[in-house]
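Peer 1: below are the sequence and a predicted model for it; my questions follow.
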Amino acid sequence: MAKRHAAPKGTRDLLPPETAVWARVESIARRVFGLYGYREIRTPIFEETELFQRGVGEATDIVGKEMYSFVDKGGRNLTLRPESTAAVCRAYVEHGMQQLPQPVRLFYIGPQFRYERPQKGRYRQFHQIGAELLGGKGAESDVEILLMLVAFLRELGFADLRVLVNTVGDAESRAAFRGKLVEYLAPRKDQLGEESARRLVTNPLRILDSKSPEEQALLAGAPKLEESLTARSREHFARVLSSMEASAVPFRIEPRLVRGLDYYTNTVFEITSEGLGAQNAICGGGAYEGLVDALGGPPTYGVGFAIGEDRLIEVLPPSSPARDVPRPVIVRAVPWGRRLPSFAFEDADASGRFVELLRARGIPALDFEWGDAKRAYAAAEAYGSEWVVLIGEDELSADRQTIERVVLREVRTRHERRLSVAEAMDQLSETGPKALG
RNA sequence: GUGAGUGUAGCUCAAUGGUAGAGCACCGGACUGUGGCUCCGGUCGUUGUGGGUUCGAGUCCCAUCACUCACCCCA
């Protein structure tokens, strides 16, 4: 036998029936985002490496050690996208979207790539559903995008969401705070771990969300970011908080929430969920005021989020509407009737015609070759079907060219009825599976 | 990149260092002529891979790969 292959490390095949849930989650995302006036953007799956270096930031782990980079045959340095915000901003600039009525509202759905050790909820190819609002005015944009995010998650059936909000201040606030923080930590450098000691130089703010108890104890006495906020940042955050309170979406201020991407300014947020192990964030985002500018566009206010679709589906409530996937009606011609064994292929054709009638009514249906009813039940189980239609000789017309009746059986209750074709059609139209978008 | 655990049939798992098995699933047949039952039979394995110890390795040792979980970090 030839060598067998496995999906590359950190990647996986998504198979039915799970893929139907993915399709439903994405279709619900499109619907909800559409309600807020957001439209889909599809950017390339790879970009110039430099885009991410400039956009995401050299100091981030993503750029520093997690990029899938390669050189193509033309000598170009390219990278499989590790996130999509930078690409969306690149497209905004490239296509002159600042000339459209502002703000521009965009969403995207697709795979992302980061070279990391896989674990629960973390893959090298993973999928994000995200949205970006570009050219907005500030706090109200932050709130709009947060409310849309929560609306989407509620549509998916999430009841208890932990929405964490914080501000990291604008560039000026951060520069001031950075100075104070380094001033406090530098003399205490020996109390920091290796990683945090390095960050003291590269990205001191990141030390704040360290999980180490020793470092947290040390940080208890450190200057607070809040105290370094400029009046502008302070006002921005106050407006976000008051709008959020008015919205009736429960949230919590999490002062230690910093986020790992360099481009965030002012508002940052995160939504976490139980049941995901160590990787408990299903969604993160925030505002970025300098990104479009840094990518050669005009100064533009941006805010967005990214949802980890893999994680989202991992913790999807059992009752989620996204689990309402079409389960085909199983139709089978069975060897019942006194004239066996003449009952055969032409009757299987008859079942095929019945299936086409169901499909024409928008009812997903699947037929099997003539044979034992046992197979029909096995198939119903495999497809999660709720209805089985059986057609025996007695259900056919005298010349056996037409189906007059069918036996309609509900799998769950084992209750069955012998109905005319029209009655069965009506019953299935009413309570049967629908071809969902 | 670091650490721990696990690799036996498509799936779930057995097998004291001594002939690689069971259940489920799948395929075929018998039976059943309102039927998911029952019975018979069948396909599927270089025990992740490569070395070593041994008369003999699924089992012990080393390496390697993969998976899982955690660190780091993030979605």
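Peer 2: Sure thing, it's come through.
Peer 1: look up how far A:Arg353 lies from A:Gln401.
Peer 2: Between A:Gln401 and A:Arg353 the distance, using Cβ to Cβ, to the nearest Å, works out to 10 Å. The C-beta positions use only the backbone N, C-alpha and C, and glycine is treated the same way.
Peer 1: now A:Phe251
Peer 2: Counting by Cβ to Cβ, the gap from A:Phe251 to A:Arg353 is 57 Å.
Peer 1: ditto for A:Ala6
Peer 2: For A:Ala6, the distance to A:Arg353 equals 43 Å [Cβ to Cβ].
Peer 1: over to A:Phe46?
Peer 2: In this structure, A:Phe46 lies at 48 Å from A:Arg353, with Cβ to Cβ as the measure.
Peer 1: A:Gln119 now?
Peer 2: Distance of A:Gln119 to A:Arg353, given as Cβ to Cβ: 52 Å.
Peer 1: now stretch A:360-371: buried residues?
Peer 2: Of the residues in stretch A:360-371, those with enough neighbours to count as buried (16 or more other Cβ atoms under 10 Å) are A:Ile363, A:Pro364, A:Ala365, A:Leu366, A:Asp367, A:Phe368, A:Trp370.
Peer 1: if we can go back for a sec, neighbour count winner among A:Phe46 and A:Arg353?
Peer 2: For A:Phe46 against A:Arg353, the residue with the higher neighbour count under other Cβ atoms under 10 Å is A:Phe46, and the figures read 18 against 12.
Peer 1: quick one on the thing from earlier: from the buried residues of stretch A:360-371, which single one is nearest RNA strand B?
Peer 2: In terms of Cβ to the nearest atom of the strand, no member of those lies closer to RNA strand B than A:Phe368, at 9.3 Å.
Peer 1: residues in contact with the closest one?
Peer 2: The contact partners of A:Phe368, taken as Cβ atoms under 8 Å, 6 or more residues apart in numbering, are A:Ile330, A:Val331, A:Arg332, A:Arg375, A:Ala376, A:Ala379.
Peer 1: for A:Ile207, helix, strand, or coil?
Peer 2: Secondary structure of A:Ile207, reduced to three states by DSSP: H, G, I helix; E, B strand; the rest coil: helix.
Peer 1: circling back: so which of the buried residues of stretch A:360-371 belong to strands?
Peer 2: Among those, the residues falling in strands (DSSP state E) are A:Ala365, A:Leu366, A:Asp367, A:Phe368.
Peer 1: just those residues: which has the poorest pLDDT?
Peer 2: Across these, the smallest pLDDT goes to A:Phe368, namely 73.
Peer 1: so which residue of chain A comes closest to RNA strand B?
Peer 2: A:Gly260 (1.1 Å).
Peer 1: name the nearest residue to that residue, ignoring sequence neighbours.
Peer 2: A:Thr60 (5.8 Å; Cβ to Cβ, 6 or more residues apart in numbering).
Peer 1: which residue is nearest the middle of chain A?
Peer 2: Centre of chain A computed as the mean C-alpha position; nearest residue by Cα atoms, centre = their mean is A:Glu309, 2.7 Å away.
Peer 1: ok, that residue - contacts?
Peer 2: A:Glu309 makes contacts with A:Trp22, A:Val25, A:Glu26, A:Ile109, A:Phe126, A:His127, A:Gln128, A:Ile129, as judged by Cβ under 8 Å, 6+ apart.
Peer 1: shaky segments in chain A?
Peer 2: Screening chain A residue by residue with the criterion pLDDT under 70, one finds the ranges A:1-4, A:337-350, A:369-370, A:435-437.
Peer 1: what segments of the stretch 301-437 of chain A are strands?
Peer 2: Remark: strands assigned in the stretch 301-437 of chain A by DSSP state E, counting those that start in this stretch are A:302-308, A:329-333, A:365-368, A:387-391, A:405-410, A:415-420.
Peer 1: what of the stretch 151-300 of chain A?
Peer 2: So, for the stretch 151-300 of chain A - with DSSP E, counting those that start in this stretch - the strands run A:162-167, A:252-253, A:265-272, A:281-288.
Peer 1: parallel or antiparallel, list what pairs with the second one.
Peer 2: Here strand A:252-253 is paired, per DSSP bridges, with strand A:162-167 (parallel).
Peer 1: over to the last one?
Peer 2: Strand pairing for strand A:281-288, using DSSP bridges, gives strand A:265-272 (antiparallel), strand A:302-308 (antiparallel).
Peer 1: how distant is stretch A:121-135 from the center of its chain?
Peer 2: Its chain's C-alpha centre and that of stretch A:121-135 lie 7 Å apart, by Cα atoms, centre = their mean, to the nearest Å.
Peer 1: near RNA strand B, anything from that stretch?
Peer 2: Yes - Stretch A:121-135 is in contact with RNA strand B by Cβ under 7 Å from any atom of the strand, via A:Gly121, A:Arg122, A:Tyr123, A:Phe126, A:Gln128.
Peer 1: for the last one, helix, strand, or coil?
Peer 2: For A:Gln128, the reduced secondary structure class is strand; criterion used: three-state DSSP.
Peer 1: okay, now it: neighbour count?
Peer 2: A:Gln128, neighbours per other Cβ under 10 Å, totals 21.
Peer 1: and it, what is it in contact with?
Peer 2: With the criterion set at Cβ under 8 Å, 6+ apart, A:Gln128 makes contact with A:Glu83, A:Ser84, A:Tyr108, A:Ile109, A:Gly110, A:Gln112, A:Ala306, A:Ile307, A:Gly308, A:Glu309.
Peer 1: make TSV out of the residues you listed and add distance to RNA strand B.
Peer 2: TSV is the format used below for those (distance: Cβ to the nearest atom of the strand, whole Å):
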residue	distance to RNA strand B
A:Glu83	6
A:Ser84	10
A:Tyr108	13
A:Ile109	13
A:Gly110	12
A:Gln112	7
A:Ala306	4
A:Ile307	6
A:Gly308	3
A:Glu309	8
